[in-house]
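K.L.:
What follows is a predicted protein model with its sequence.
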Amino acid sequence: MTKKQAPEAAHLAIDWVAGHGNLSAPVAVATTAAAVASAGALAGMPSGWPLVVGAVGAAAHGVGVGIRKRLSRPSLAVRAGAWLAASGWSSAAIATDPATWSGTAWWTALGTLVAVALGTGAGLYHADIHEEALDESRRAMQAAMTEAEINRADWALVDQWVALIKAVAHVDVAPAGLRRRKDGSGFMVEVALPIGFAANRFQTYATALAEAARLPVGCLVSIIKARKQGHVILDVDTEDTSARVTPYPQGFEPLSVMTGVPWGLSRVGEEVTVHMREACALILGPPGTGKTTLLDSILTGFARCSDAMVFGIDVGKKGDAFVPWVTPWMEGQKYAKPLPGKARLPETTRTGVDWIAANLAEADLMLDALIAIAEHRLEAYRELMRRMDTKLLPISADIPMIFCVVDEGAEMLAYQGIDPLRSRVKDKLVSVMRTTRAMGIRLILTATDGNLSSLGDSAVRKYSPVRVALTCTDPEGAGVAKLFGTVRGLDATQLTAKGAGVIGAATDETGFAPQPFRTFVTAPSLARDACLATEARRPVLDEPSVRAAGAAYRDRWSPARIAWLIGDQAATAGQAAPAGASGLPLLPGGRRLSTPEEFRARLRIRGQEPPQPPATPAAADDAALSKFIADLGKLPEAPEPGDRPAPFRGLHLNIRKTDPEPAPQAPAPEPAADWKALAQAVVLQSGQWMSTSAVLAVLEGRGLTVHRSSLATELSAMARRGEIAKRGSGPQTEYGAPHAE
């Protein structure tokens, strides 16, 4: 192939309209400066005119054209500096007249010109690198806009926050998305952090960013980690959502414990759903923070569940926290008047809370029952769990979860005195938290303070991964610090509205990091509405659990057990307790006591006759009940067979004795105290270490029936008092004489 036959593209072509590059620009600067100096010196022109030309060039070409091309400030500075340096050299050359230069002057002038050229080249090189980085950022921004479908108007907001982050945190971030809240209360900006800048470090700038953006008081900037590592989301408030008033939803749609229960609203107006199949909860709130309102929301959520039921303990306020949830049942049982303009509810109306303990003795019974239920469920449903291939009891409408809600539970947990009843209740609360998780029993505790001295046991926080700190009257955020430690990216001191606070769940995949939230606003009528709307689908306790809980559970609504509840209410209603043909009160659900003996037995709590209320007009029915019980003990002996017994007027009882020679029998001694002394004697006289099961076997061999959990609790109490010795823990616990080897 000849030279003429070579393709035209193979020849070196010069583009005369192309701009200067990093090499040609310094050469052009040096040659132009030398030419201008030579022409000016030969023509005898004033030495200052190159400076004027350089200044005009720096302003027009260096700055004006650079701005039109959207160049960065470093590029503008280099271009303008090149003009001024070249024009300054030319002016100096003209002023000194090159014709008079010596050899040294020529080399000095040439060296200075080369330095100007090299400086110009180096500046242009670094400016190009900076421009390329900016171009990359613009392309990434454009790609992010396309990917996130952010329009140009929204991008102005993103660009503003990118600049704000640069000013506050001194870091360049790349925007990755923007989403505005549907209610218009704020927006979320996702940004990508530069390599080497950790998200945890960036979260510390949340408060500074909120202040730099001049947000209204109560508006937060919450910085949370995105699903992609190296990305964070700035959740920005434009109005104070913590002060919003949102009533609890009135639909009462069915829920399940397994899918979560709403406790309140997040800052974006979405329901905060809490999963408590395996978690206990701890709620901190000084008086006036909205703690009772939160409890109402929680209880309403549980009432909507077809696989959950609630036991309530409120010793401090004598059960007041749960009274609204049994008032509909009281109306049906004629213990309370219906509301004005409302018809009386039917007798079959159910309670919204399945069991209430308003005193320590009842709380002791309830906790014993919970421990017994957990132990018996493990045995009764072992085959079911084997078939389901799980170690957690399958929860359903037939086997419901049991949530024990303890209002002001810290008061019981913090007890350090010598009262044995208070000590037992404290130990059993912790035991329920430790041992009943798999069998579907969990606790919700409320407290006013989160100090260890207030909670009494570090296990309370350990076993409570669901935590709430209400902050209305806590301006320092002490509750948040005690429950969550240092919460990065969240300024809890801004949450000053009643019902506002921080909630977090350190559970499995259903958990979430601490975040601001506010409670629903509830009315006193919410409990009544929820009870009636959910009555048909609320579960009942499964039969194995009922058997394990025993008489303590079955008699929980007997008049003597709820004297604290029905005394004033019955007087207000002006009616006696509902009774059947025999004059005996009805149990919940309408079942009558079958015999006076059964009624009399149900009036006892742990072998003690219930205290009788004072004989006042408001307690007339109770006085009649006391007289009835006294009359039972005065009944005459039955006559011999063949004789017609004289009727006992007013009681309508048919009492017969089949023994032809009835001999008076002393009442059977109550074993409530006997078995404790016998258990202590067995341990002391054994001469060896004995497990709880071994002691229980000895008692049963002597005809005493004692529940294992009650025996274990009493043996532990004896060991604490120094009456017997104890070694080991858990299933390996053994007891012996104080000097047993």
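P.N.:
Done, it's in. Just so we're clear, the structure is a prediction, and the values are computed from it rather than from any experiment.
K.L.:
hey, let's count contacts and neighbours off CA atoms from now on
P.N.:
Will do.
K.L.:
who touches residue 286 in this structure?
P.N.:
Applying CA atoms under 8 Å, 6 or more residues apart in numbering to residue 286 gives the contacts 447-449, 470, 473-474.
K.L.:
repeat that for 6 Å
P.N.:
residue 448 (CA atoms under 6 Å, 6 or more residues apart in numbering).
K.L.:
can you count the residues close to residue 729?
P.N.:
Burial of residue 729 is recorded as 8 neighbouring residues (other CA atoms under 10 Å).
K.L.:
Roughly how far does it sit from residue 735?
P.N.:
Residue 729 sits 11 Å away from residue 735, going by CA to CA, to the nearest Å.
K.L.:
can you check residue 82 too?
P.N.:
Distance from residue 82 to residue 735, counting by CA to CA: 95 Å.
K.L.:
For the stretch 251-400 of the chain, which segments count as strands?
P.N.:
For the stretch 251-400 of the chain, the strands defined by DSSP state E, counting those that start in this stretch occupy 261-266, 271-274, 281-284, 308-313, 355-357.
K.L.:
Any chance of TSV for these, columns mean neighbour count, mean pLDDT and distance to residue 549?
P.N.:
Below are the strands of the stretch 251-400 of the chain laid out as TSV (neighbours: other CA atoms under 10 Å; pLDDT from 0 to 100; distance: least, CA to CA, whole Å):
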stretch	mean neighbour count	mean pLDDT	distance to residue 549
strand 261-266	22	93	27
strand 271-274	20	94	28
strand 281-284	24	92	24
strand 308-313	25	96	13
strand 355-357	25	96	12
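K.L.:
Take those and write them to a markdown table, including distance to residue 133.
P.N.:
Below are the strands of the stretch 251-400 of the chain laid out as a markdown table (distance: least, CA to CA, whole Å):
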| stretch | distance to residue 133 |
| --- | --- |
| strand 261-266 | 39 |
| strand 271-274 | 42 |
| strand 281-284 | 51 |
| strand 308-313 | 59 |
| strand 355-357 | 68 |
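K.L.:
Could you check how sure the model is about the strand or helix carrying residue 108, as an average pLDDT?
P.N.:
According to DSSP states H and E, residue 108 maps onto helix 103-148. Helix 103-148 shows a mean pLDDT of 69 in the predicted model.
K.L.:
Then stretch 366-380?
P.N.:
In this model, stretch 366-380 has an average pLDDT of 96.
K.L.:
How far does that stretch sit from its chain's centre?
P.N.:
What separates the centre of stretch 366-380 from the centre of its chain is 27 Å, taken as CA atoms, centre = their mean, to the nearest Å.
K.L.:
do the same with stretch 178-191
P.N.:
23 Å.
K.L.:
if we look at it, which residues are touching it?
P.N.:
Contacts with stretch 178-191, where a contact means CA under 6 Å, 6+ apart, come from 174-177, 231-239.
K.L.:
could you redo the last one with a cut-off of 7 Å?
P.N.:
Residues outside stretch 178-191 that contact it (CA atoms under 7 Å, 6 or more residues apart in numbering) are 150, 173-177, 231-239, 268.
K.L.:
List the buried residues of it.
P.N.:
Buried residues in stretch 178-191, counted by 16 or more other CA atoms under 10 Å: 178, 181, 185-191.
K.L.:
end-to-end on that stretch?
P.N.:
Length of stretch 178-191, first residue to last, CA to CA: 9 Å.
K.L.:
Same check on stretch 330-343?
P.N.:
Counting by CA to CA, you get 13 Å between the two ends of stretch 330-343.
K.L.:
same check, this time on stretch 474-489
P.N.:
19 Å.
K.L.:
Show the average pLDDT along it.
P.N.:
Throughout stretch 474-489, pLDDT has a mean value of 76.
K.L.:
circling back: closest to residue 565 among the buried residues of stretch 178-191?
P.N.:
For the buried residues of stretch 178-191, the closest approach to residue 565 (CA to CA) belongs to residue 185, at 45.4 Å.
K.L.:
Distance of the closest one relative to residue 174?
P.N.:
To residue 174, residue 185 is 24 Å away according to CA to CA.
K.L.:
Distance-wise, check residue 494 relative to residue 292.
P.N.:
The spacing between residue 494 and residue 292, counted by CA to CA, is 22 Å.
K.L.:
So for those two, which residue has more residues nearby?
P.N.:
residue 494 (21 against 17).
K.L.:
ok, the closest residue to the more buried one other than its chain neighbours - contacts?
P.N.:
Closest residue in space to residue 494, ignoring its immediate chain neighbours: residue 218 at 5.0 Å, by CA to CA, 6 or more residues apart in numbering. With contact taken as CA under 7 Å, 6+ apart, residue 218 is in contact with 240, 494-495.
K.L.:
Between these, which sits nearest residue 356?
P.N.:
Nearest to residue 356, judged by CA to CA, of the contacts of residue 218 is residue 495 at 33.4 Å.
K.L.:
List the contacts of the following helix or strand past the helix holding residue 108.
P.N.:
Reading on from helix 103-148 to the C-terminus, the next helix or strand found by DSSP H and E is helix 152-169. For helix 152-169, the external contacting residues (CA under 7 Å, 6+ apart) are 171-173, 205, 209.
K.L.:
Just those: which are in helices?
P.N.:
If you go by DSSP state H, the contacts of helix 152-169 have residue 209 in helices.
K.L.:
Adding distance to residue 442 and pLDDT, write the contacts of helix 152-169 out as a markdown table.
P.N.:
Shown next, in a markdown table, are the contacts of helix 152-169 (distance: CA to CA, whole Å; pLDDT from 0 to 100):
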| residue | distance to residue 442 | pLDDT |
| --- | --- | --- |
| 171 | 46 | 92 |
| 172 | 47 | 92 |
| 173 | 45 | 93 |
| 205 | 38 | 92 |
| 209 | 41 | 93 |
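K.L.:
of all the contacts of helix 152-169, which comes closest to residue 546?
P.N.:
Closest approach between the contacts of helix 152-169 and residue 546, by CA to CA: residue 205, at 55.1 Å.
K.L.:
separation between the residue nearest to residue 494 and residue 493?
P.N.:
Between residue 218 and residue 493 the distance is 9 Å, computed by CA to CA.
K.L.:
again with residue 299
P.N.:
As judged by CA to CA, residue 299 and residue 493 stand 28 Å apart.
K.L.:
rewinding a little: which one of the strands of the stretch 251-400 of the chain lies closest to residue 321?
P.N.:
Residue 321 sits nearest to strand 308-313 of all the strands of the stretch 251-400 of the chain, at 8.4 Å, using CA to CA.
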